[in-house]
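Asks: sequence plus the predicted model coming up.
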Amino acid sequence: MLTALELIGIAAFAASGALAAVRSRLDVFGVIVLALTTALGGGIIRDVLLDVTPPTALVTWPYLAVAGGTGLVVFLFHPTVAKLRRSVLVLDAVGLGLFVTSGTSTALALGAPPYAACLVGMTTGIGGGALRDVLLREIPLVLRREIYAVAALAGAVIVALGDYAGLPAEAVTITGSVVIMGLRILALWRGWNAPTAPKLDG
Amino acid sequence: MLTALELIGIAAFAASGALAAVRSRLDVFGVIVLALTTALGGGIIRDVLLDVTPPTALVTWPYLAVAGGTGLVVFLFHPTVAKLRRSVLVLDAVGLGLFVTSGTSTALALGAPPYAACLVGMTTGIGGGALRDVLLREIPLVLRREIYAVAALAGAVIVALGDYAGLPAEAVTITGSVVIMGLRILALWRGWNAPTAPKLDG
Amino acid sequence: MLTALELIGIAAFAASGALAAVRSRLDVFGVIVLALTTALGGGIIRDVLLDVTPPTALVTWPYLAVAGGTGLVVFLFHPTVAKLRRSVLVLDAVGLGLFVTSGTSTALALGAPPYAACLVGMTTGIGGGALRDVLLREIPLVLRREIYAVAALAGAVIVALGDYAGLPAEAVTITGSVVIMGLRILALWRGWNAPTAPKLDG
């Protein structure tokens, strides 16, 4: 069940990377590389920070197959996928929820203190999208709009607090994921944005 | 004493990241993420290269609190902070001096050869600023202007030579830091730049 | 023999990084940093992914000397080097072949499964160029044009298959390298590009 959801999240992240790559006129291999990077980059950064080597994402072939296959499908049928943008964003919220909570849990299990685990969890969730945007020469969207980083933070904190309180890990992970997904979907639906600072003169 | 200076350096790096993020219209969470990345990114890269995991910066809460708190303060009061730009640059020189020399010392202590330790030390000092600029879609300032990389190199070489000569570590670290700070502040004050190549035709 | 070729590959990668840096108006230290990053970045990423620390490239001074020295030479004589662009691209193909196959072999030797070793090998070959382009605010060329990533993939797959079939490592490495070099040089000569997706409306 969790694994099926995880693969859905990976496919959604891969689709967002591949769509952005198609828009930037990358060739078919570039599109697949972007799909892999967006879907697996956050987990790879997490594993490098926690010294899990080689990174799980590189040695788990279903992850690679789903991410790479999604990239190829998007390359071939991208006008259709682009029309599904709204659905991709909802699935992306599912992926974000799972990646952040699993990243936080992994860090806690390896003995990181709670605040470090939250940061690692957030990095797991938003690292892939940040890599995608940096490679395509954009300022990472996750830092600019639509309650992305803060939804990730909320879920990570729930997992860390639940762990600290000794609550059952599964319930905590599910709660954290649902909160992230809910915040993201609400933010998309209502057009919520976090505040930006008033413009600087000069 | 050293720790107090270190926190000052972290705050200065965080302020430079947060100011740049405000200028790029990131939201409040993006500003805090940039503050954390700029202040702690160099040290995290150092620890990943040297296999210190999880990276010190992630598990030392005062670092996180100072960097994140500085980001929030800059977000709220950025017109004032922007006016203090000159002071931030001087404090940034303090941070650069401490980060480069401590990065070099750490690498030497973990058995890296002197030239590798110098590279790791430089990366510790300029990595955070480079990440900041890459995330905000700028060519890293540290590679373009104002005797930044070379000041870092000079300090790193002093630490490595001093270690090789068996001089007392503290004296060597302080000397290296002071040289870096002095070079940076002189370069800012006198407008020194390293040479660039004459323009290519075509 | 292999080592001599490796140093030629490093010099070619360093020259491509330094030329791009000169074009972006970096100062002399920025040019040398870009030369080092382009030549050694892929290998450093490989070592971080495989937990070889400190990374081989940082502790092997001939690599550093060749890469940094090439950067300095390009800075001083860049109009001449720019005229040699075609030769640099051929040498770059040599470097790509060696880096991809050695990266794949290293990963296999450290116990990575074949598909993971291929990804690590490709990353070794194209990571430095991707870092160069990200630092200079370009979308990585290797993802956009001229059969670069796919040549790397072909060579990596040959090494992985040969290892799986138990063929002698040296023969396999040489074959993989020659295939990569041949594909790249053919692609450059004939102007081959991988397909891009038709333009999206809107």
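Replies: Yep, that arrived. Numbering: from 1, shown residues only, chains lettered A, B, ... in the order given.

Asks: pop out the phi and psi values for A:G166.
Replies: phi 80, psi 20 (degrees, to the nearest 10).

Asks: cool, and A:A112?
Replies: phi -70, psi 150.

Asks: which residues touch it?
Replies: A:50, A:120, B:54, B:58-59 (Cβ atoms under 8 Å, 6 or more residues apart in numbering or on different chains). No exception for glycine: its C-beta is placed from N, CA and C like everyone else's.

Asks: quick check: of these, which has the highest neighbour count?
Replies: A:V120 (29 neighbours; other Cβ atoms under 10 Å in any protein chain shown).

Asks: just say helix, strand or coil for that one.
Replies: helix (DSSP: H, G, I helix; E, B strand; the rest coil).

Asks: is it correct that it is in contact with A:D51?
Replies: No. Contact criterion Cβ atoms under 8 Å: A:V120 and A:D51 do not qualify, at 11.7 Å.

Asks: list residues touching both of these two?
Replies: B:P54.

Asks: how much space separates the residue in chain A that chain B sits nearest to from C:T56?
Replies: Closest approach between chain A and chain B, counting by Cβ to the nearest Cβ: A:L143, at 3.2 Å. A:L143 is 34 Å from C:T56, where distance means Cβ to Cβ, to the nearest Å.

Asks: cool, A:Y164 as well?
Replies: 41 Å.

Asks: got it, and A:E138?
Replies: 33 Å.

Asks: more neighbours: which of A:Y164 and C:T56?
Replies: C:T56 (15 against 11).

Asks: which ones are touching the more buried one?
Replies: Counting by Cβ under 8 Å, 6+ apart, C:T56 has contacts C:43, C:47, C:63.

Asks: cool, and A:V100?
Replies: A:V100 is in contact with A:121-122, A:124-125, A:152, A:155-156, A:159, A:176-177, A:180, counting by Cβ under 8 Å, 6+ apart.

Asks: return the member of the contacts of A:A112 nearest to B:V94.
Replies: Checking the contacts of A:A112 against B:V94 with Cβ to Cβ, the nearest one is B:L58 at 22.7 Å.

Asks: need the contact list for that closest one.
Replies: Going by Cβ under 8 Å, 6+ apart, the list of residues near B:L58 reads A:49, A:112, A:116, A:119-120, B:40, B:44, B:64.

Asks: ditto for A:V120
Replies: So A:V120 contacts A:46, A:49-50, A:103-104, A:106-107, A:112, B:54, B:58 (Cβ under 8 Å, 6+ apart).

Asks: do that again at 7 Å, thanks
Replies: A:46, A:49-50, A:103-104, A:107, A:112, B:58 (Cβ atoms under 7 Å, 6 or more residues apart in numbering or on different chains).

Asks: again, but for A:G69
Replies: Counted by Cβ under 7 Å, 6+ apart, A:G69 has zero contacts.

Asks: helix or strand: which one has it?
Replies: Applying DSSP states H and E as the criterion places A:G69 in helix A:61-83.

Asks: could I get that helix in CSV with only the CA atoms?
Replies: In CSV, the C-alpha atoms belonging to helix A:61-83 read as follows (Å, rounded to 0.1, in the frame of the first residue of the first chain):
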residue,chain,number,x,y,z
TRP,A,61,15.1,-0.6,-9.8
PRO,A,62,11.4,-0.1,-9.6
TYR,A,63,12.0,3.5,-8.6
LEU,A,64,14.3,4.0,-11.6
ALA,A,65,11.9,2.2,-13.9
VAL,A,66,8.9,4.2,-12.8
ALA,A,67,10.7,7.6,-13.0
GLY,A,68,12.5,6.9,-16.3
GLY,A,69,9.4,5.4,-17.8
THR,A,70,7.3,8.3,-16.8
GLY,A,71,9.8,10.6,-18.4
LEU,A,72,9.6,8.7,-21.7
VAL,A,73,5.8,8.7,-21.6
VAL,A,74,5.7,12.5,-21.0
PHE,A,75,8.2,13.0,-23.8
LEU,A,76,5.9,11.1,-26.2
PHE,A,77,2.6,12.3,-25.1
HIS,A,78,3.3,15.6,-23.5
PRO,A,79,0.4,17.6,-24.8
THR,A,80,-1.9,15.2,-23.1
VAL,A,81,0.1,15.2,-19.9
ALA,A,82,0.2,19.0,-19.9
LYS,A,83,-3.6,19.1,-20.0
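
Asks: return the set of buried residues in that helix.
Replies: A:63-64, A:66-68, A:70-71, A:73-75, A:78, A:81-82 (16 or more other Cβ atoms under 10 Å in any protein chain shown).

Asks: in which helix or strand would I find whichever residue of chain A sits closest to chain C?
Replies: Per Cβ to the nearest Cβ, A:G30 is where chain A lies closest to chain C, at 3.2 Å. Using DSSP H and E, A:G30 maps to helix A:28-50.

Asks: likewise A:L188?
Replies: With DSSP H and E as criterion, A:L188 is part of helix A:169-190.

Asks: any idea of the mean pLDDT in that helix?
Replies: Helix A:169-190 comes out with an average pLDDT of 91.

Asks: measure the residue positioned nearest the centre of chain A to A:V33 for me?
Replies: For chain A, A:G125 is the residue whose C-alpha lies nearest the centre (Cα atoms, centre = their mean; 3.6 Å). Computed as Cβ to Cβ, the A:G125 to A:V33 distance reads 21 Å.

Asks: how about A:A67?
Replies: 10 Å.

Asks: over to A:T196: give its phi and psi.
Replies: Dihedral angles for A:T196 - degrees, to the nearest 10 - are phi -110, psi 160.

Asks: that one touches B:G30, doesn't it?
Replies: No. Using Cβ atoms under 7 Å, A:T196 makes no contact with B:G30, being 8.3 Å away.

Asks: remind me, longest helix of chain A?
Replies: helix A:85-109 (DSSP state H).

Asks: list the buried residues of it.
Replies: A:88-108.

Asks: picking that back up, what sits against the residue of chain A closest to chain C?
Replies: A:21, C:143-144, C:149.

Asks: excluding its backbone neighbours, what's nearest it?
Replies: C:L143 (3.2 Å; Cβ to Cβ, 6 or more residues apart in numbering or on different chains).

Asks: isn't the one you found right up against C:V150?
Replies: No. Between C:L143 and C:V150 there is no contact under Cβ under 7 Å: 10.9 Å.

Asks: who's more crowded, the two?
Replies: Taking neighbours as other Cβ under 10 Å, C:L143 and C:V150 compare with C:L143 leading, 26 against 21.

Asks: for A:R25, what are its contacts?
Replies: Residues counted as contacts of A:R25 (Cβ under 7 Å, 6+ apart) are C:T196.
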